[in-house]
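> Okay, sequence plus prediction incoming.
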Amino acid sequence: MIKRKISAQIAIILCFCIVFCGCGIINTEKNKDPAEKFSSGDVDVSTNADSSLQGEDGAKNPESDEDDTMEGALDDEGSLSPANDENNDGDKDEIDAIISGMTLNEKVYQMFFVTPEVLTGVSTVTAAGNATKKAIEEKPVGGIIYQESSLKEESQTTKMLNNTKKYYEDAGYPVPFLSLDEEGGRVLRIGGNSGFDAPSIGSMSEIGKTKDPSKASDVGHTMGGYLEPLGFNMDFAPVADVLSNSSNTVIGDRSFGSDKDLVADMVVAEACALEEEGITPVIKHFPGHGATEADSHKGYAYTEKTLDELKDCELVPFQAAIDNGIDVIMASHISLPNVAETNDLPTTLSKYLLTDVLREDMGFEGVIITDAMNMGAITDTLSSDKAAVKSILAGADIILMPEDFHLAYEGVLEAVENGTISEERIDESLERILTVKMKY
């Protein structure tokens, strides 16, 4: 069971850190019995059907409210506290204890992020009942992403997410990442949805035109303000792509604009505001999708830019976010043919980009999550198992929405068992993942 410790002293320290340190870092404590286990399971996943970012999958009958066995809210999740060395040491010890109590199967499941439909085998999930409970007990993935089809109205969504968290808690697993794509503009799941009392937020290009980062902060506070009470703890936003190619349509008005420094300021402002509301922001799409013309959802997408050119433009917002303590970055599938060290591989499969550039050169110590692995840029050339293994070897911590979840899971498991991936490498990802989860 994971519990939170919040004090008045921490609140005071938070205020001090916000004034002097910029973006706050969550650092609440949790407890989990390392002796509690979960078993392996399997589920199939079909292809992506969502043109914005993610897909939906399923195969059986809708999960009904009649299956719900858990009602009522869990503890509030939205308080921030500053990081300090003493607490970090305690968290590190707790994380080490959790990891040492896990089987290899358990560790590998934590590295996958899927839809509730893929997790349960249900065609459209709108409730978390017996099917969800059983699926979590058998294959408790590290994160679940929800599409608009699962989000009908406030009480239904809150009950579904709270039940899901309760099933994880009762089984002794770390709190799951519960996420969605809530960017604003054309990518919204809750805002503007008639079942929710949440505003329809305009495009980030319009926010960028104001040249006022406080407007981006307002967006983060607004989104976080309605997402956290529903039960979400993560948002795949903000978009950190600099729109350096005016012909780009896949990003287009999702970007704050073409001014790298303004985009950086906007991204940091929105990310900090989301975090202050109790939502972990995920900035995307490293190393920057704004210079491409093609759409990686459909197949090969690339930019002709060199690494030096990227450092001078597209990487600026990502570096600013890293400098301000961002916890999670999403890697794109774009290729960089003029960066020889990448061998023209998609970023999600490139050790040079994820490890040498993002981690070592830029100093990112947080969680790297892939963009959805059911996109054409991956599936056109690789099976789900090979893609997942290559991505982890490249430096990714979480595999998002593989085309075939079961095959990808088994592939990673086999890669560790045959020595292709060391268990120590898996543990490194687990430590980063649990470090973020300790903050809920």
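Perfect, thanks for sending it.
> Tell me where the chain has strands.
112-114, 143-145, 177-179, 234-235, 280-286, 328-331, 367-370, 399-400 (DSSP state E).
> what does the first one contact?
So that's strand 112-114. 45, 141-145, 177, 179, 369, 398-402, 405, 408-409 (C-beta atoms under 8 Å, 6 or more residues apart in numbering). Using the backbone N, CA and C atoms, a C-beta is placed for each residue, glycine as well.
> Could you rerun that using 10 Å?
For strand 112-114, contacts defined as C-beta atoms under 10 Å, 6 or more residues apart in numbering pick out 43, 45, 54, 57, 118-120, 139-145, 176-177, 179, 234, 236, 369-370, 372-373, 388, 398-402, 405, 408-409, 412.
> To residue 432, which of the strands of the chain lies closest?
Proximity to residue 432 (C-beta to C-beta) singles out strand 367-370 among these, at 4.9 Å.
> what stretches of this structure score poorly on pLDDT?
1-90, 293-299 (pLDDT under 70).
> can you do 80?
Within the chain, the stretches with pLDDT under 80 are 1-90, 293-300, 440.
> before we move on, the earlier item: got CSV for the strands of the chain, with distance to residue 170 and mean neighbour count too?
What follows is those, written out as CSV (distance: least, C-beta to C-beta, whole Å; neighbours: other C-beta atoms under 10 Å):
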stretch, distance to residue 170, mean neighbour count
strand 112-114, 20, 25
strand 143-145, 16, 24
strand 177-179, 16, 25
strand 234-235, 21, 26
strand 280-286, 23, 27
strand 328-331, 26, 25
strand 367-370, 25, 26
strand 399-400, 26, 28
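> how near is residue 203 to residue 330?
As for residue 203, its distance to residue 330 is 19 Å (criterion: C-beta to C-beta, to the nearest Å).
> let me fix that: residue 254
13 Å.
> Now do the shared contacts for those two.
Shared contacts of residue 254 and residue 330, counting by C-beta under 10 Å, 6+ apart, come down to 53, 237, 239, 284-285.
> Which of the residues you listed sits closest to residue 433?
For the shared contacts of residue 254 and residue 330, the nearest to residue 433 is residue 284 (17.5 Å; C-beta to C-beta).
> Tell me which residues touch that closest one, please.
By C-beta under 10 Å, 6+ apart, residue 284 lies in contact with 53, 181, 183, 236-241, 251, 254, 267, 318, 328-332, 369, 371.
> Let's see that with 6 Å instead.
Residues counted as contacts of residue 284 (C-beta atoms under 6 Å, 6 or more residues apart in numbering) are residue 330.
> what pairs with it across the strands?
Beta-bridge pairing for residue 284 (DSSP bridges): residue 239.
> I'd like the distance between it and residue 235.
Residue 284 sits 11 Å away from residue 235, going by C-beta to C-beta.
> Repeat that for residue 365.
Going from residue 365 to residue 235 by C-beta to C-beta gives 21 Å.
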